[in-house]
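1. my questions concern the predicted model and sequence given below.
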Amino acid sequence: MLKQDRIRTMTRLAIYEEEQIARDERVNGYFGNDYVFSQMVGSFISGTIAFGIVFAVYCGYHFDTMFLRLFDNSILDVLKQWVRYYAVFIIGFCAITFVIYRGRFRRAQSRLKKYRRDLEFMAEEYELYDKPQDNGTTEETV
Amino acid sequence: MTTLYEVRDRIIDIYRGFDYVFRPLFKFLLALAILFEISHNMGFMGRLNNYLLIMIIALACTLMPMSMMAAVLALVVLLHLYSLSMEAAALGAAILLIVFLIFFRFAPHSGVILLLMPLAMTLNLHFAVPLAAGLLFSVGACVPVALGVVIWQYLYLVVEHRNWLRGADSVERLLTNFRFLVDHMVHNRAMWVMAGTLAATVLVVYFIRRLAVAHSWLIASAAGALTEILILVYAEYHYGVPAEIVRNIPWILLSLLIAVVLTFFVFNVDFARMENVQFADDDYYYFVKAIPRVSMEAPDRKASDFYREAPERDLYAYGAEESAEEAKPAAAHTTVLPTLKRPAAAPAAPAAPAPEKAAPEKTAPAKAAPVTEKTPQQAQAAAVPEETAAEAPAPAAEAPAADMTAAEAPAAETSAAGASADSAASPSFLDKVRKFLDDWSRTGAGARTDEPEAAASAEAEESGEGTEETETEEEIASAEAAVTAAEEDSDDLFLPETAVDGQSAVETDEFSRELAEELSRELSADGPLDRNT
């Protein structure tokens, strides 16, 4: 006999196991703060590289001026100004990272909770309907 | 419309059934299209224009995730740019690296949008991508849409000025080319307007389609298209940005059509059957809006067999112990079961229901056949326990035409007469009654027993064998016809309830005679019949 609830649950479980469970388990391997912090470190590194690329493009574009400023000792002013830009950029970037990855951590935990609840439901279903009958057979359900 | 729904469901079923084929195929075709586009429009590196190599790269892309595929295609673009000029490759690498470092850090799964954007811009369908992205993706999809515009504009710029960029042989020329590219990118207001327009479209579509209003997806698509038009018009007339609004409006409308088709496939619900449900538990009140999906199943054309369906009902009617095979011959009776459940005065009594209604118990008159747990044959046998064949109403009703025995009760004759009259020209009620009285006075109850067949069957029944003759399909059909005709006339005909209640046939006969006299008096007086008589 087919049980629709069980089929739906099994399908949901299968889809989740196929697509997302590995990622969510990896996320769930961290404490919340550790996970968010590690992602912020990654964002800091990638943001720094990206900002360095932008700065390199700026330097390439203003190559003559920058070269002259190098001998003029006024390049420090430019660097200070860019450091300020960098600080604003990296703080904003890390803040965005914090918000996004904290949300992801919570959603992953929520999905895993739901996954476990579905597993418990399946276990109860099997226990209820598929336990051996008096005559030693089991009621075959899917 | 039904056909459209069926086609849609068929397509979705096919896709679901073969998604392990369609997904790699889609990736392969996407990679192939982009690679051909790159080779056709850029093609600065001759080796990469080899079709065999393009096919191999496209095949390799089918095995990769979308973000990796985007990285591979970006590498191909950079190789082409490097063949043209180092400064173009440097700036291209800077743009692509920033995209990968910043954007793919947060949304690695939106790579398909980034890949689709340049392709769509080549086909002038770039207005459709933000509509689709807003419908199918999250709010973060606005970033790859905008970045796709930037990347495509950069490649377009390089291709457009390839002769200018080619062959920089000095540092000064190299720097000049570099500045030229940066200037054109930074000051390309049309590009920024387009990127902003498409990003805003994604946001508008996303937020509107999440609203809990009817037809939100269609409204979101229309609002997105309107947003595109309005921003482009505003940018063109207020800032003088060459947005080419007149040329773009047909493409925007086409994009709207694509979004509608997408909605039809992805989010097709029946708002007419929307339900608002409210309920509560210990912690919350819930206000739920439930909208059913439109699902049109393809017609399931399977031949159904009368006898194949009948056993279930037959088992229900006559007892579940019988096997289906045993129940088969009696299946036809199940079709008249609803007739059996008619009120007591129904003249259909003489036909199929007769066995059940002649059951010994005098229960409530209309108790639909003490739908006993007997087979029809058993019921027939029980219906004629001791009476003579002439007085037993049941067998005659079972076989009204061929086996018309003298045992037919007046009611059976009435029903048969009703059936024949109905099949002819549906005579009036008075004609029926007159015919009934004529027949009655001509033959009489006792005279009918003279017929040899009836006598034989009566003897057989008296000997306790019951009516065990097997019913052929023709008999069953004719019995059904008689029942149906009698049922149609049930409002007009009046029968003594005693016949239905299961009184003895003798009493029935006497009562019928009284009834005949009563009716003749009524008819002679030409007054209306009193149904309570």
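-> Yes, it's here.
2. any low-confidence regions in the chain?
-> Chain wasn't specified; assuming chain A. For chain A, the stretches flagged by pLDDT under 70 are A:1-3, A:129-142.
3. wrong one, I was asking about chain B
-> B:295-430, B:441-475, B:480, B:483-511, B:522-533.
4. so which bits of it are right by chain A?
-> For chain B, the contact set with chain A under Cβ under 8 Å from any Cβ of the partner chain comprises B:90-91, B:94, B:97-98, B:101-102, B:105-106, B:175, B:178-179, B:182. The way it works is simple: take the backbone N, C-alpha and C, and place the C-beta from them, glycine included.
5. buried ones in the helix or strand hosting residue A:41?
-> In this assignment (DSSP states H and E), residue A:41 forms part of helix A:32-61. Going by neighbour count (16 or more other Cβ atoms under 10 Å in any protein chain shown), the buried part of helix A:32-61 is A:35-36, A:39-40, A:43, A:46-47, A:50-51, A:53-54, A:57, A:60-61.
6. need the residues of chain B next to chain A in a markdown table with secondary structure, can you?
-> Below are those laid out as a markdown table (DSSP: H, G, I helix; E, B strand; the rest coil):
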| residue | secondary structure |
| --- | --- |
| B:90 | helix |
| B:91 | helix |
| B:94 | helix |
| B:97 | helix |
| B:98 | helix |
| B:101 | helix |
| B:102 | helix |
| B:105 | helix |
| B:106 | helix |
| B:175 | helix |
| B:178 | helix |
| B:179 | helix |
| B:182 | helix |
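7. does the helix holding residue A:41 reach chain B?
-> Yes: applying Cβ under 8 Å from any Cβ, one finds helix A:32-61 touching chain B at A:42-43, A:46-47, A:49-50, A:53-54, A:56-57, A:60-61.
8. quick one: which two of those residues are the most distant?
-> Largest separation among these by Cβ to Cβ: A:42 and A:61, giving 28.8 Å.
9. which stretches in chain B count as strands?
-> B:275-280, B:285-290 (DSSP state E).
10. so what's the residue of the stretch 1-150 of chain B at minimum distance from chain A up against?
-> Residue of the stretch 1-150 of chain B nearest chain A, by Cβ to the nearest Cβ: residue B:101 (4.3 Å). Residue B:101 is in contact with A:46-47, A:49-50, A:53, counting by Cβ atoms under 8 Å, 6 or more residues apart in numbering or on different chains.
11. next one: residue B:93
-> Neighbours of residue B:93 in contact, by Cβ under 8 Å, 6+ apart: residue B:78.
12. re the thing from before, a markdown table please, covering the contacts of residue B:101 and showing distance to residue B:64.
-> Formatted as a markdown table, the contacts of residue B:101 follow (distance: Cβ to Cβ, whole Å):
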| residue | distance to residue B:64 |
| --- | --- |
| A:46 | 21 |
| A:47 | 26 |
| A:49 | 23 |
| A:50 | 23 |
| A:53 | 24 |
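13. need the residues of helix A:32-61 next to chain B in TSV (columns: distance to residue B:214).
-> TSV is the format used below for the residues of helix A:32-61 next to chain B (distance: Cβ to Cβ, whole Å):
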residue	distance to residue B:214
A:42	43
A:43	41
A:46	43
A:47	43
A:49	48
A:50	44
A:53	48
A:54	46
A:56	53
A:57	49
A:60	55
A:61	53
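14. get me the contact residues on chain A for chain B.
-> Taking Cβ under 8 Å from any Cβ as the contact definition, chain A meets chain B at A:42-43, A:46-47, A:49-50, A:53-54, A:56-57, A:60-61, A:63-64, A:93, A:96-97, A:100.
15. repeat that for 10 Å
-> Contact residues, chain A versus chain B (Cβ under 10 Å from any Cβ of the partner chain): A:39, A:42-43, A:45-54, A:56-58, A:60-64, A:93, A:96-97, A:100-101, A:104.
16. start to end distance for stretch B:45-64?
-> 24 Å (Cα to Cα, to the nearest Å).
17. contact partners of it?
-> Under the contact criterion Cβ atoms under 10 Å, 6 or more residues apart in numbering or on different chains, stretch B:45-64 has outside partners B:23-36, B:38-40, B:42-43, B:68-73, B:75-77, B:79-84, B:111, B:115.
18. elements contacting the longest helix along chain A?
-> In chain A, with assignment by DSSP state H, the single longest helix is helix A:75-129. Packing contacts for helix A:75-129, counted by 3 or more Cβ pairs under 10 Å, 6 or more residues apart in numbering or on different chains; DSSP states H and E, involve helix A:4-19, helix A:21-28, helix A:32-61, helix A:63-72, helix B:104-106.
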